[in-house]
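1. Just the structure for this:
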Amino acid sequence: MMSADGQGRETGGPPDATPFEKEHESALLLRDEKTSVLDVALRYVYESVDGYQRSLKKAIDGYDPKPLGYRKKKEGLRIQLEPRGERGYIELIEVETL
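-> Alright, predicted model coming up:
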C-alpha cells in the first residue's frame with residue numbers, strides 16, 4: 001500500500017510500517033521490477049542512496065533465521081554476487097541448523 005508524505009511523494013507501506021516491512025517491500029521492488037536503487041530510495045523517502053543502503057544492511061543484519069530452524073554461523077562465509085542488470089549486489093550468509 002502506498003501513501004503520500006508531506007511533499008506529495010509516495011512512500012512505501014502504511015504510515016505505521018515497521019522499518020523491516022519498509023525494507024522488505026523495497027527489496028521486492030528492486031528484485032521484481034526494472035528500477036534503480038536511487039528510484040527506490042527516493043520512492044521510500046530516504047534522503048540518499050547511502051541512507052537506504054544503511055537501512056537495508058541494518059535490516060539484513062537484524063534478520064533472525066531461528067524460526068526457520070537455523071542460526072547465522074559466527075565465522076561463516078559471506079559471499080557477494082556481483083550486480084547484474086538492474087539489481088545490485090546479493091549477499092549470501094552461511095547458516096547452520098539449530
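2. so what pLDDT did the closest residue to Lys73 other than its chain neighbours get?
-> The spatial neighbour of Lys73 that comes closest, neighbours along the chain excluded (CB to CB, 6 or more residues apart in numbering), is Glu94 at 4.6 Å. (Glycine included, C-beta is placed from N, CA and C.) Listed pLDDT for Glu94 reads 88.
3. just Leu29 next, same as before
-> What the model reports as pLDDT for Leu29 is 83.
4. From start to finish, how long is stretch 71-78 in a straight line?
-> Using CA to CA, to the nearest Å, the end-to-end distance of stretch 71-78 comes out at 14 Å.
5. Contacts for that stretch, please.
-> 65, 91-96, 98 (CB atoms under 8 Å, 6 or more residues apart in numbering).
6. out of those residues, which one sits closest to Lys57?
-> Distance from Lys57 was checked for each of these by CB to CB. The minimum falls on Glu91, at 9.0 Å.
7. contact partners of the helix or strand harbouring the closest one?
-> In this structure, Glu91 sits in strand 90-93 according to DSSP states H and E. The contact list for strand 90-93 (CB under 8 Å, 6+ apart) reads 60, 72-73, 76-81.
8. Nearest to Asp39 among the contacts of stretch 71-78?
-> For Asp39, the closest of these turns out to be Glu91, at 21.2 Å, with distances computed as CB to CB.
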